[in-house]
Structure formats: structure tokens, C-alpha cells
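1. Give me the fold of what follows.
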Amino acid sequence: MQIFRVSPDPKVSAEFLDNRRLSKQVLELYQIIRVCLGELDVIKTGPGYRHHPVVEAVYNNGKPYLWGAWILLAAMNEEHMRRGGKRSEVFKKELEGLYDVVKKTDQTLSLSHEDLPPFYIEGEKRIYGGEAYQMYVKLLFDKWQHDKIPPRCDINLNNKA
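-> Numbers count the residues shown, from 1 in each chain. Now for the predicted structure:
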């Protein structure tokens with residue numbers, strides 16, 4: 001599980017991703033937000049992902065960056081749909097419902113409105129701050145070089161600039 005951010009601008013991060021990872025990113029952000037809401041006892045969730053390092057970074061010791069995560073999810077989903085991606089009506093309603101829960105939770109618990117800070121987590125490696133964006137650019141180019149399916153995201157793998 002990762003949150004692929006190559007820029008502080010959620011739209012730029014969404015546009016950078018290949019179609020496959022973009023679609024998965026929406027689902028992973030959805031899951032991360034739900035786990036955080038479960039930890040706040042706002043919704044019932046199972047035990048999965050509670051101690052995942054990425055979830056813990058978003059959860060932020062009980063002061064979760066839910067708005068920042070939601071803004072990123074919305075940008076990723078918008079880009080996915082702009083590219084012709086599909087969403088079931090059920091999942092569209094679940095996304096709307098999740099937004100409503102985050103909004104209502106903010107009214108009762110006063111969530112952090114800070115941007116989701118940049119972080120890069122891979123195994124035991126933890127990088128925070130602006131360097132995290134460059135680590136994700138490098139990681140994505142490495143993944144694209146080894147993917148069996150071309151990335152289909154208008155990124156020229158021979159010219160990384």
C-alpha cells in the first residue's frame with residue numbers, strides 16, 4: 001500500500017500516474033480513510049490495515065489528515081474518470097457516502113485541515129518532506145521500466161525529465 005505523490009498538488013500527482021495505479025490509488029485511499037474513521041470509532045471496520053505504516057502516517061496519532069487524504073482521493077478519481085475509467089454505481093455512492101462521513105466527523109471531532117504531509121514509506125525506510133516526492137517519481141519510473149504492460153500515462157520512459 002502506497003500513496004503515490006509526486007507533487008504537493010494532488011492534480012499533478014493524479015496526472016502523473018499510469019491508468020492501472022491511478023485506479024488502484026482511489027481504492028487504497030478509500031480504504032485508508034475508512035480505516036482511520038474506524039480507529040476514531042466513527043464507522044465499524046475490520047482489523048485489516050490498522051497497523052500499516054501508511055495508514056499510521058495518515059492517522060497521525062489520532063489527528064488524521066482525512067481532508068488531505070480526501071482531496072487526494074477526489075483528484076485521483078477525477079483523473080481516472082477523465083481518462084475514461086469506469087466506476088460502478090455502488091462505488092460512486094460509497095464515495096459520496098464517505099465524503100459525507102468525513103464532513104460530519106469534522107463537525108463533531110474537528111479534524112485536521114492541514115494538507116497531507118509528504119511521506120515515503122518502503123519497508124523500514126521512512127522519508128518525510130519534499131524529498132518524498134522525488135522518491136515516488138523514482139519508484140514509479142523503476143516500476144514502469146519493469147512492468148510487462150506499458151504505463152499508458154504519456155510518460156516517456158527514455159526521458160525522465
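2. tell me which element residue 145 is part of?
-> Element membership for residue 145 (DSSP states H and E) is helix 131-146.
3. just checking, what packs against that helix?
-> In terms of contacts (3 or more CB pairs under 8 Å, 6 or more residues apart in numbering; DSSP states H and E), helix 131-146 is packed against strand 119-122. From N, CA and C alone the C-beta is placed, and that goes for glycine too.
4. Show me what secondary structure element comes after the strand it packs on.
-> strand 125-128.
5. List the buried residues for that following strand?
-> The neighbour-count check on strand 125-128 (16 or more other CB atoms under 10 Å) flags residue 127 as buried.
6. For that strand, name the packing helices and strands.
-> Under the contact criterion of 3+ CB pairs under 8 Å, 6+ apart, strand 125-128 touches strand 119-122.
7. Return the list of strands paired to the strand it packs on, each annotated with direction.
-> Paired neighbours of strand 119-122 in the sheet (DSSP bridges): strand 125-128 (antiparallel).
8. So what touches the strand it pairs with?
-> 53, 117-121, 135 (CB atoms under 8 Å, 6 or more residues apart in numbering).
9. hey, C-alpha coordinates of that strand in CSV?
-> Backbone C-alpha positions of strand 125-128 (Å, rounded to 0.1, in the frame of the first residue of the first chain) are rendered in CSV as follows:
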residue,chain,number,x,y,z
LYS,A,125,12.7,3.3,5.0
ARG,A,126,10.9,6.5,6.1
ILE,A,127,11.3,9.8,4.3
TYR,A,128,9.3,12.9,5.2
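10. mean confidence for that strand?
-> Average pLDDT, strand 125-128: 92.
11. What is the distance between it and the centre of its chain?
-> Relative to its chain's centre, strand 125-128 lies at 17 Å (CA atoms, centre = their mean, to the nearest Å).
12. same deal with stretch 39-51?
-> So, by CA atoms, centre = their mean, the centroid of stretch 39-51 is 17 Å from its chain's centroid.
13. Sort out which residues of it are buried, please.
-> 39-40, 42-43, 45, 49.
14. Just flag the most distant two among those residues.
-> Greatest spacing in the buried residues of stretch 39-51, by CB to CB: 42 and 49 (15.9 Å).
15. can you pull the contacts of residue 52?
-> 1, 35.
16. re the thing from before, lowest-confidence one in the contacts of strand 125-128?
-> Within these, residue 121 has the lowest pLDDT, namely 91.
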